[in-house]
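1. compute the structure for the input listed below.
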Amino acid sequence: MGRRKVEIKRIESKSSRQVTFCKRRNGLIEKARQLSILCESSVALVIVSSTGKLYSFSSGESMAKILSRFEIQQADDPETSDLAEKGMNYLSQEELLEIVQCKLEEAKSDNASIDFLNSLEEQLKTALSVTRDRKTELMMDFVKTLQEKEC
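-> Below you'll find the model as predicted:
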């Protein structure tokens, strides 16, 4: 006897939805781990729950290294650079701040592991680097505009 096909729609019961989220999240992370082992590939997985809690998985390399390689590849490919830019701008500043706040609250708890704190540190370094790059870009554009006005 096989499994019945599940209709993909929002689960109304909050507790059932949470149980399904946890089971499917764990299954997705396990599949990502298996893919990295079977195919000797680097896998980065980020999941944000409906409450804003962030879950991440990376294999082999750190999440920051994998995302850095992704950004470099996207920047080199003009067809996908627009898509990557849209992805970076998908979350509003408020949403990004909420995610960072959630991660910092998790870090304050007594049961935060060294690995979690190291991961958080790397993510914050990456976010800071991206922010500084954007700030530099905006400042250079501003200087260029001022120079054009001078001429």
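
2. after the host helix or strand of residue 27 comes which helix or strand?
-> Assessed by DSSP states H and E, residue 27 sits inside helix 14-39. The helix or strand immediately downstream of helix 14-39 is strand 44-48, counting by DSSP H and E.

3. can you map out the helices along the protein?
-> All helices of the chain, identified by DSSP state H, fall at 14-39, 63-76, 78-88, 93-108, 114-150.

4. most packed of those?
-> helix 63-76 (a mean of 15; mean count of other CB atoms under 10 Å). C-betas here are computed from N, CA, C, even on glycine.

5. which secondary structure elements does it contact?
-> strand 44-48, helix 78-88, helix 114-150 (3 or more CB pairs under 8 Å, 6 or more residues apart in numbering; DSSP states H and E).

6. per-residue confidence averaged over that helix?
-> Helix 63-76 shows a mean pLDDT of 77.

7. and what of stretch 43-60?
-> 86.

8. so for that stretch, what gets flagged as buried?
-> Of all the residues in stretch 43-60, those buried under the rule 16 or more other CB atoms under 10 Å are 43-45, 54, 56-59.
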